[in-house]
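A.B. asks: Have a look; sequence and predicted model below, questions after that.
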Amino acid sequence: MSVVKLGGFTVKKHIIALVAGLGAAFAMTSMAQAKTLVYCSEGSPEGFNAAFYTAGTTFDASSRHIFNGLVKFKRGTTIVEPGLAESWDVSADGTSYTFHLRKGVKFHTTKSFTPTRDFNADDVLFSFARQWDKNHPYHKVSGGSYEYFNGMSMPDLIKGIVKVDDYTVRFDLNRPEAPFIANLGMDFASIMSAEYADKLMKAGTPEKIDLDPVGTGPFQLVMYQKDAMIRYKAFDAYWEGRAKIDNLVFSITPDASVRYQKLKAGECHVMPYPNPADLAAMRKDPQVKLLQQEGLNVGYLAYNTKKAPFTDRRVRKALNMAINKAAIIDAVFQGAGKVAKNPIPPTIWSYDESTVDDPYDPEAAKKMLAEAGVKNLKTNIWAMPVQRPYNPNARRMAELIQSDWAKVGVEAEIVSFEWGEYLKRSKAGEHDTVLLGWTGDNGDPDNFLAVLLSCDAIGGSNRAQWCDKEFESLIQKAKVVSDKAGRTEIYKQAQAVFKREAPWATIAHSVVFVPMRNEVVDFKIDPFGGFIFYGVDLK
Amino acid sequence: MFRFLIYKLALLIPTFLGVTVVAFGFIRMIPGDPIELLAGERGIDPARHHELMIQFGYDLPIWQQYLTFLGRLLQGDLGTSIITRQSVVDEFFTLFPATVELSLCAILVALLVGLPAGIIAGVKRGSMFDHFVMGGALVGYSMPIFWSGLLLIMLFSGILGWTPVSGRISAMFFFEPVTGFMLIDSLLSGEEGAFKSAASHLILPTVMLSTIPLAVIARQTRSAILEVLGEDYIRTARAKGLTPLRVIGVHALRNALIPVVTTIGLQIGVLLAGAILTETIFSWPGIGKWMVHSISRRDYPAVQGGLLMIAAIVMMVNLLVDLLYGLINPRIRHTE
């Protein structure tokens, strides 16, 4: 037996081998014990800076795990709660918001960056100034188009951002805007490291800030293999406490049927967007559980209220009464939907439960059309060429409406265009009636009512081209009231005006299904459609 | 031979120019506006739309856009993706190894199975085996990949549990890519079980992607063998008393291979086209899946750059086949 000298002690080689072996075995065991959650995501992220994009797939991979905002939404709800800001004050006139920032928040340490300081007001200033100030050195980096920031009218809204001290930031607004706080919980408002940005700018590689993200979020990016896999690890120093899982892997799987096969085979733990046809099998699968929740969305048919005969409220009401929505829920949503009676989904505060929907009554519809003097009406129904949660099959929906309308003597032709063209032409008001929908951004009723139905939105998202003075004054009033109870009352009145005037046939709110393996615990469906794994554990 | 090569290379220039026109024009002929698609239902105001059109250079007349594209191309610059803001060349070469790995495996399977099957079917014409091979080839050729791919997954991964469902390697393995070829990288990583995982992930997509080339090669080999078997020199070889194996293996096969080589060359293009569907079904991160996504998002630079790169590769392969053809059959060099 050979012997070796080790620090004055004589040790047998076999013992060293044994100890080394045990060490390796221990290391392997701890690796095996590391909790890795695999999420079969539906697509590749466009990038890792959420400010550039509008797609949920990109937010899941970036802002929802790597970054934080000043405020955030309580998990599984649309309730705004403190994030990187511990608290905030709003001035009496509603035009000034002062945020008191959280202390001791760490940024990720990566291969290319080791932070020397904690999060502070400079990071807030940098993250907003980059999007807001066209002369900011980072504004044009990586193409520099901040569509969500612009889309939420932030450039017009913000008058100035002031660093009061290292842990206090004040936003001055040009006008009072009650939904402003909710806007700051959105993905585009993720806070990035100003220190990292400075370092990269000095090194002449500023674009790396969007490729190798450094945030304060619960997970940090380890590697992205394009179109294949994204790998994250739990951030040990996360300010809310370390995630319960150690590693998070996004396995990019675009086909829904394949995702289900992977879930069954144990190749992933959670999958998004199941095929409605697979739901029955999933319910029977003993290894899979199926969570469900009403989505924060609405699918609707908008009448072009600038074109006769849709200028007449009676015609719109009559056509609403001719549509059998229950049949649509069965045929198009295969049960995974709920009839919509309001323009906002039930998961949003101020939803008016007392609204009475237009009944399905073809005879009454015929009578009302006759009263309006409409005979042998020939019109069109525009059907979207894409699938969306609020409308999984627009063509089929259009066919059902077409057949319903035929029963009341209305002849409708179904029209469709390529998606970009569809959006452009419907904005311009070329349609008679158009199928479309909306998924909420920030859980605020304003995000539905003002975005989709205000006078300003004509030529934009207001596909009904509808401008009603009473409705408009209500939603403008709600913007400047900061008390929630007061706003709720105003929005209920607005919903009543909407129902009376019927610029849309509200069709459905989808029900979101999330299939997952039984070992996944504490997963909560995000009303915004996100897939968030902080707080989730594996049994 | 040198003159033949120069002649072939000279022919490539106008072809390549033609391809640039097609690649540039193709995506612009499809209706749809990349900026509208970028904004989605949320929409974009006309002023911002115009600003972005200027930023991307889409406000210029089409011929000017084409000349800019051509000018950049000459400097080796295929532009930057509108969506990911990454260089198109970088994106292409990140994804290309995955497609090459899959295509090589598929063509290898197609050759190893298709050639012998075609030879035996040709020699034993009218036999049960011949009918079986030709029937199988017809089925392989006509099955839609979307359908058969899902069936394969359901059977072998879902019910039998023999193969993984999709992807290139199990999510449990983690190493930095070195070559981009997963089989090689998994070996280099030294992680136990990584190579086995990578190889098992290749099985179903390879089977799927090889069906069409396999069917074509088997049919082509069979008819080439049948044609050659009727030739005088085969009768002479048989009359000399050579063994059937030598008659087929040396005399018949060498001559029958000439059209088969051309077919194999043409199959490279078919493989790349087939990869689009196979990669989508099997979540294979290659250029096929990338192209589909880029087309649906109207990512002009990615689509035109990707098409150009694919066309250039197919042209190079065809050139190689032409050269190989010239080597196998010296008459070709003189007649062209």
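C.D. replies: Sure, I can see it. Residues are numbered from 1 along each chain as shown, chains lettered A, B, ... in the order given.
A.B. asks: which parts of the stretch 101-250 of chain A sit against chain B?
C.D. replies: Residues of the stretch 101-250 of chain A lying near chain B by Cβ under 8 Å from any Cβ of the partner chain: A:142-143, A:145, A:147-148, A:150-151, A:207, A:210, A:222-223, A:225-229, A:231, A:249. For every residue, glycine as well, the C-beta is placed using N, CA and C.
A.B. asks: Among those residues, name the buried ones.
C.D. replies: A:142-143, A:145, A:147-148, A:150-151, A:210, A:222, A:225-229, A:231, A:249 (16 or more other Cβ atoms under 10 Å in any protein chain shown).
A.B. asks: Contacts (any at all) between chain B and the longest strand along chain A?
C.D. replies: Ranked by residue count, the top strand of chain A under DSSP state E comes out as strand A:504-517. No: judged by Cβ under 8 Å from any Cβ, strand A:504-517 and chain B are separated, with a smallest distance of 13.6 Å.
A.B. asks: so where's the chain uncertain?
C.D. replies: Picked chain A for this. A:1-32 (pLDDT under 70).
A.B. asks: Chain B was what I was after
C.D. replies: Confidence mapping of chain B against pLDDT under 70 gives the ranges B:1, B:40-42, B:273, B:329-336.
A.B. asks: Now the residue most central in space within it. Nearest residue, chain neighbours left out?
C.D. replies: Nearest to the mean C-alpha position of chain B, counting by Cα atoms, centre = their mean, stands residue B:272 at 2.2 Å. Excluding its sequence neighbours, the residue lying closest to residue B:272 (Cβ to Cβ, 6 or more residues apart in numbering or on different chains) is residue B:310, at 5.7 Å.
A.B. asks: who touches that neighbour in this structure?
C.D. replies: B:272, B:287, B:291 (Cβ atoms under 8 Å, 6 or more residues apart in numbering or on different chains).
A.B. asks: and of the residues you listed, the nearest to residue A:161?
C.D. replies: Nearest to residue A:161 among these is residue B:291, at 42.2 Å by Cβ to Cβ.
A.B. asks: and that closest one, how many residues sit next to it?
C.D. replies: When neighbours are counted by other Cβ atoms under 10 Å in any protein chain shown, residue B:291 registers 22.
A.B. asks: so which strand or helix has it?
C.D. replies: helix B:287-296 (DSSP states H and E).
A.B. asks: does any bit of that helix sit next to chain A?
C.D. replies: Yes: contact of helix B:287-296 with chain A (Cβ under 8 Å from any Cβ) involves B:289-290, B:293.
A.B. asks: before we move on, back to that, pick out the most distant pair among the buried ones among the residues of the stretch 101-250 of chain A next to chain B.
C.D. replies: The span of those, defined through Cβ to Cβ, is set by A:150 and A:249 at 33.5 Å.
A.B. asks: and the stretch 151-300 of chain B, which of its residues are near chain A?
C.D. replies: B:153-154, B:157-158, B:161, B:164-168, B:170-172, B:174, B:176-177, B:280-283, B:285-286, B:289-290, B:293, B:298.
A.B. asks: Buried among these? Make that a ChimeraX selection.
C.D. replies: Paste this into ChimeraX to select the buried members of those, with burial taken from 16+ other Cβ under 10 Å:
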select /B:153,154,157,158,164,165,166,167,168,170,171,172,174,177,280,281,282,283,285,286,289,290,293,298
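A.B. asks: which residues of the stretch 351-500 of chain A fall in helices?
C.D. replies: Secondary structure of the stretch 351-500 of chain A by DSSP state H, counting those that start in this stretch: the helices cover A:362-371, A:394-406, A:419-427, A:446-453, A:469-480, A:484-501.
A.B. asks: mind listing what residue A:315 touches?
C.D. replies: Contacts of residue A:315 by Cβ under 8 Å, 6+ apart are A:303, A:309, A:368-369, A:372, A:374, A:377.
A.B. asks: Out of the residues of helix B:287-296 next to chain A, the closest to residue A:420 would be?
C.D. replies: The shortest approach to residue A:420 among the residues of helix B:287-296 next to chain A belongs to residue B:293, at 15.3 Å (Cβ to Cβ).
A.B. asks: distance of the nearest residue to the closest one once chain neighbours are set aside from residue A:229?
C.D. replies: The spatial neighbour of residue B:293 that comes closest, neighbours along the chain excluded (Cβ to Cβ, 6+ apart), is residue A:44 at 7.2 Å. Residue A:44 sits 10 Å away from residue A:229, going by Cβ to Cβ, to the nearest Å.
A.B. asks: Then residue A:173?
C.D. replies: From residue A:173 across to residue A:229, the span is 42 Å (Cβ to Cβ).
A.B. asks: Neighbour-wise, which one of the contacts of residue A:315 leads?
C.D. replies: Within the contacts of residue A:315, residue A:303 tops the neighbour count with 29 neighbours, counted by other Cβ under 10 Å.
A.B. asks: So that residue sits against residue A:314, correct?
C.D. replies: No: assessed by Cβ atoms under 8 Å, residue A:303 is found out of contact with residue A:314, at 11.8 Å.
A.B. asks: Can you report phi and psi for residue A:303?
C.D. replies: Residue A:303 has phi and psi values of phi -90, psi 140 when expressed as degrees, to the nearest 10.
A.B. asks: Just list whatever residues bridge to it.
C.D. replies: Counting by DSSP bridges, residue A:303 forms beta bridges with residue A:433.
A.B. asks: got a list of what it touches?
C.D. replies: Shown in contact with residue A:303 (Cβ under 8 Å, 6+ apart): A:310, A:315-316, A:319, A:432-433, A:464, A:502-505.
A.B. asks: ok, 10 Å please
C.D. replies: By Cβ atoms under 10 Å, 6 or more residues apart in numbering or on different chains, the contact set of residue A:303 is A:309-313, A:315-316, A:319-320, A:379, A:431-434, A:463-466, A:502-505.
A.B. asks: Same check on residue B:288?
C.D. replies: Neighbours of residue B:288 in contact, by Cβ under 10 Å, 6+ apart: B:95, B:98-99, B:102-103, B:209, B:271-280, B:306, B:310.
A.B. asks: In helices, which of these appear?
C.D. replies: Those of those mapping onto helices are B:95, B:98-99, B:102-103, B:209, B:271-280, B:306, B:310, per DSSP state H.
A.B. asks: For residue B:68, give its distance to residue B:50.
C.D. replies: Taking Cβ to Cβ, one finds residue B:68 at 19 Å from residue B:50.
A.B. asks: same question but for residue B:240, I mixed them up
C.D. replies: Following Cβ to Cβ, the distance that separates residue B:240 from residue B:50 is 81 Å.
A.B. asks: Compare these two (neighbour count), which wins?
C.D. replies: residue B:50 (13 against 10).
A.B. asks: where's the more buried one, which helix or strand?
C.D. replies: Secondary structure (DSSP H and E) places residue B:50 in helix B:46-56.
A.B. asks: could you give the angle of that helix to helix A:419-427?
C.D. replies: Relative orientation of helix B:46-56 versus helix A:419-427 (axes from the mean of the first three to the mean of the last three Cα atoms, to 10 degrees): 150 degrees.
A.B. asks: Past helix B:46-56, which element shows up next along the chain?
C.D. replies: Heading C-terminal from helix B:46-56, the first helix or strand you meet, by DSSP H and E, is helix B:62-74.
A.B. asks: list the helices and strands that following helix packs on?
C.D. replies: Contact here means 3 or more Cβ pairs under 10 Å, 6 or more residues apart in numbering or on different chains; DSSP states H and E; on that basis helix B:62-74 packs against helix B:2-29, helix B:300-328.
A.B. asks: Identify each buried residue in the shortest one, please.
C.D. replies: In other words, helix B:2-29. B:8, B:19-20, B:23-24, B:27-28.
A.B. asks: Is chain A within reach of that helix?
C.D. replies: No: judged by Cβ under 10 Å from any Cβ of the partner chain, helix B:2-29 stays clear of chain A, getting no closer than 11.6 Å.
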